[in-house]
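Colleague: Kindly return the folded structure for what I paste below:
(one chain, ligands or ions: 1)
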Amino acid sequence: MRFIHTAAAAPAVPGAYLLLIALPVKLPVALPHRPETILPPGRYLYAGSARGPGGLRARLARHMRADKKPHWHIDRLTAAGAVEGAWVIPGGDECALVAALAHLPVPLPGFGSTDCRTCASHLLHWPAGAKLPFRHRRAGGRASGRPGMALPAPCIS
Ligand SMILES: [Zn+2]
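Modeller: Next comes the predicted model:
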């Protein structure tokens, strides 16, 4: 499992990924048959899997592209915010990722997990100070994030 900043750095093989999204503004999201929820500004993690042609690289390229036709709920979030990077797990399973992050709050039940029977949501909120069970960046690596994004730097173990 490693953190990548660009889709080009992801392998073109099937697997799971965890997107790191910085949302600078609050975002109203309405899932089918549910009341509208306002996602507050902050950092979010979205677990997904890529099984199609081009694998993880193709899927992450789509997530990181700004000009795309919205198709999934996550497209609303990546359009309103910025994808700072992703952890990639070739051959991995997105529900196992969610299970490893059970200590993080679920901002919107059902988000990304309508086909899933085990997870409350595939979208998690990553509050400042909450620790993740894996590394964000290599030692000595550059800080992620865009200039002008006034988000607190989370503390990572
Ligand atoms: Zn799941």
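Colleague: Run a quick neighbour tally on residue 121.
Modeller: 21 (other Cβ atoms under 10 Å). Just so you know, the C-beta spots here come from the backbone N, C-alpha and C atoms, and that holds for glycine as well.
Colleague: List the contacts of it.
Modeller: Residues in contact with residue 121, defined by Cβ atoms under 8 Å, 6 or more residues apart in numbering, are 98, 106, 107, 108, 109, 110, 111, 112, 113.
Colleague: Near the second one, how many other residues are there?
Modeller: For residue 106, the count of nearby residues is 18 (other Cβ under 10 Å).
Colleague: Could you double-check that it lies in contact with residue 124?
Modeller: Yes: applying Cβ atoms under 8 Å as the test, residue 106 and residue 124 come out as touching, 6.4 Å apart.
Colleague: Write out the residues of the protein neighbouring the ion.
Modeller: With Cβ under 5 Å from the ion as the criterion, the chain comes near the ion at residues 95, 116, 119.
Colleague: try 8 Å this time
Modeller: Listed as neighbours of the ion in the chain under the rule Cβ under 8 Å from the ion: 47, 94, 95, 98, 113, 116, 117, 118, 119, 122.
Colleague: So what's the residue count around the second one?
Modeller: Residue 94: 22 surrounding residues under other Cβ under 10 Å.
Colleague: distance of it from residue 112?
Modeller: Applying Cβ to Cβ, to the nearest Å, one obtains 9 Å for the distance of residue 94 from residue 112.
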